[in-house]
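S.K.: this one's structure only:
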């Protein structure tokens with residue numbers, strides 16, 4: 001069984017609308033949708049936004065459904081030149097970019113980094129290639145922050161210039177997966193891009209279509 005965690009209802013619904021035999025359960029205000037999608041038995045958790053919400057839902061999913069892997073699914077802000085709204089990003093690493101104990105630990109206290117599953121990554125890349133979809137493989141930066149100001153970007157790039165996108169849940173899901181000994185992957189569809197005129201407006205305009213694109217890709221992924 002694969003466990004998917006979505007932060008927002010648009011992201012969750014884009015997957016669960018395609019599922020069959022769905023059973024819904026609510027635990028500690030997180031909703032869980034268990035059923036089938038293509039060739040896979042899956043459970044989708046609607047966590048809510050942010051690292052704490054994602055960690056709670058991921059832990060509850062592990063304790064109650066015992067998945068074989070955790071996958072963080074949804075939208076993100078692109079951070080690389082040449083990226084476009086609607087394109088995919090797959091994680092090679094997940095970074096909790098706002099973790100900072102450098103005052104006592106020096107530069108080793110900046111960020112927590114987790115390595116994504118090579119098998120899940122190769123499966124995602126193969127599905128994207130087969131479908132002719134544009135994707136980037138790179139580090140996914142997680143912060144409890146919607147990046148909208150130039151100083152936000154400068155701070156992130158000064159610490160983690162390899163980041164391909166920024167979002168608010170993946171790093172926490174990666175840490176839960178690590179502590180449960182499970183493989184993980186972050187799959188994101190870009191809803192806005194750094195350097196565009198107004199990221200919040202772009203996000204609001206494209207969050208629905210980007211969520212739908214992510215949901216369609218999950219079905220492709222589950223078909224492999």
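M.R.: Received the coordinates, thanks. Since we're looking at a predicted model, the values are computed, not measured.

S.K.: need the strands for the chain, in chain order.
M.R.: 2-6, 20-27, 30-37, 40-46, 69-78, 88-100, 110-115, 135-142, 163-167, 184-193 (DSSP state E).

S.K.: including mean neighbour count, could those go into a markdown table?
M.R.: Glycine gets a C-beta too; all of them are placed from N, C-alpha and C. As requested, the strands of the chain are exported to a markdown table (neighbours: other C-beta atoms under 10 Å):
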| stretch | mean neighbour count |
| --- | --- |
| strand 2-6 | 27 |
| strand 20-27 | 11 |
| strand 30-37 | 19 |
| strand 40-46 | 23 |
| strand 69-78 | 27 |
| strand 88-100 | 22 |
| strand 110-115 | 17 |
| strand 135-142 | 23 |
| strand 163-167 | 26 |
| strand 184-193 | 28 |
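
S.K.: can I get the ones you listed in TSV including mean pLDDT?
M.R.: TSV is the format used below for the strands of the chain (pLDDT from 0 to 100):
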stretch	mean pLDDT
strand 2-6	97
strand 20-27	96
strand 30-37	97
strand 40-46	97
strand 69-78	93
strand 88-100	93
strand 110-115	92
strand 135-142	95
strand 163-167	92
strand 184-193	90
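
S.K.: turn those into a markdown table, columns for distance to residue 55.
M.R.: Shown next, in a markdown table, are the strands of the chain (distance: least, C-beta to C-beta, whole Å):
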| stretch | distance to residue 55 |
| --- | --- |
| strand 2-6 | 10 |
| strand 20-27 | 14 |
| strand 30-37 | 11 |
| strand 40-46 | 11 |
| strand 69-78 | 11 |
| strand 88-100 | 11 |
| strand 110-115 | 12 |
| strand 135-142 | 11 |
| strand 163-167 | 14 |
| strand 184-193 | 13 |
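
S.K.: now for these, which one comes closest to residue 215?
M.R.: Residue 215 lies closest, by C-beta to C-beta, to one member of the strands of the chain: strand 69-78, at 8.0 Å.

S.K.: against which helices or strands is that closest one packed?
M.R.: The contact analysis (3 or more C-beta pairs under 8 Å, 6 or more residues apart in numbering; DSSP states H and E) places strand 69-78 against strand 2-6, helix 9-16, helix 51-65, strand 163-167, helix 170-180, strand 184-193, helix 199-223.

S.K.: next, the angle from it to strand 2-6.
M.R.: Angle, strand 69-78 to strand 2-6, by axes from the mean of the first three to the mean of the last three C-alpha atoms, to 10 degrees: 30 degrees.

S.K.: who does strand 69-78 pair up with?
M.R.: Paired neighbours of strand 69-78 in the sheet (DSSP bridges): strand 2-6 (parallel), strand 163-167 (antiparallel), strand 184-193 (parallel).

S.K.: so which of the strands of the chain comes closest to residue 218?
M.R.: Shortest distance between residue 218 and the strands of the chain, using C-beta to C-beta, is found for strand 69-78: 6.0 Å.

S.K.: ok and the closest one relative to helix 170-180, angle-wise?
M.R.: In terms of direction (the same axes, to 10 degrees), strand 69-78 departs from helix 170-180 by 160 degrees.

S.K.: so how far is strand 69-78 from its chain's centroid?
M.R.: Centroid separation for strand 69-78 versus its chain: 2 Å, with C-alpha atoms, centre = their mean, to the nearest Å.

S.K.: isn't residue 219 up against residue 18?
M.R.: Yes. Counting by C-beta atoms under 8 Å, residue 18 is a contact partner of residue 219 at 5.4 Å.
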